[in-house]
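**Q** Whatever this is, show me its structure:
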Amino acid sequence: MCYNIAMDLPEDNFIALSFINTKLRDEGLSLSDFCDEYDLSFDDICGRMAEIGYAYDEKANSFLRK
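**A** Next comes the predicted model:
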């Protein structure tokens with residue numbers, strides 16, 4: 001059985017970037033699956049990362065500098 005866990009990301013975008021990339025790497029989830037698992041908005045996360053010059057790279061499964 002799968003449970004969604006609501007999560008608040010760190011307010012600082014650079015700390016959130018590090019946190020998200022670590023979770024993606026360690027848990028082996030795609031960004032979409034990560035958002036579903038932790039009840040987060042895919043668009044909000046991508047928007048926050050774009051503010052600091054990062055974009056999600058599906059092949060690398062992480063946010064990389066644009």
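
**Q** How much space separates the residue nearest the centre of the chain from Glu37?
**A** What sits nearest the mean C-alpha location of the chain, by Cα atoms, centre = their mean, is Ile20, with 4.1 Å. Note on Ile20: its distance to Glu37, by Cβ to Cβ, to the nearest Å, is 12 Å. Using the backbone N, CA and C atoms, a C-beta is placed for each residue, glycine as well.

**Q** Can you tell me the element the residue nearest to the centre of the chain falls in?
**A** Using DSSP states H and E, Ile20 maps to helix 13-27.

**Q** do Ser32 as well
**A** Using DSSP H and E, Ser32 maps to helix 31-38.

**Q** tell me the mean pLDDT over the helix or strand that comes right after that helix?
**A** Going down the chain from helix 31-38, the next helix or strand is helix 42-51, by DSSP H and E. The average pLDDT within helix 42-51 is 98.

**Q** Report the buried residues of the helix or strand just after helix 42-51.
**A** Note on helix 42-51: by DSSP H and E, the next helix or strand toward the C-terminus is strand 54-57. Within strand 54-57, the residues that count as buried by 16 or more other Cβ atoms under 10 Å are Tyr54, Tyr56.

**Q** packing partners for the helix holding Ser32?
**A** Using 3 or more Cβ pairs under 8 Å, 6 or more residues apart in numbering; DSSP states H and E, the elements in contact with helix 31-38 are helix 13-27, helix 42-51.

**Q** shaky segments in the protein?
**A** 1-6 (pLDDT under 70).

**Q** one step back: got a list of contacts for the helix holding Ile20?
**A** By Cβ atoms under 8 Å, 6 or more residues apart in numbering, the residues outside helix 13-27 that reach it are 9-10, 29-31, 34, 37, 45, 48-49, 51-52, 54, 61-63.
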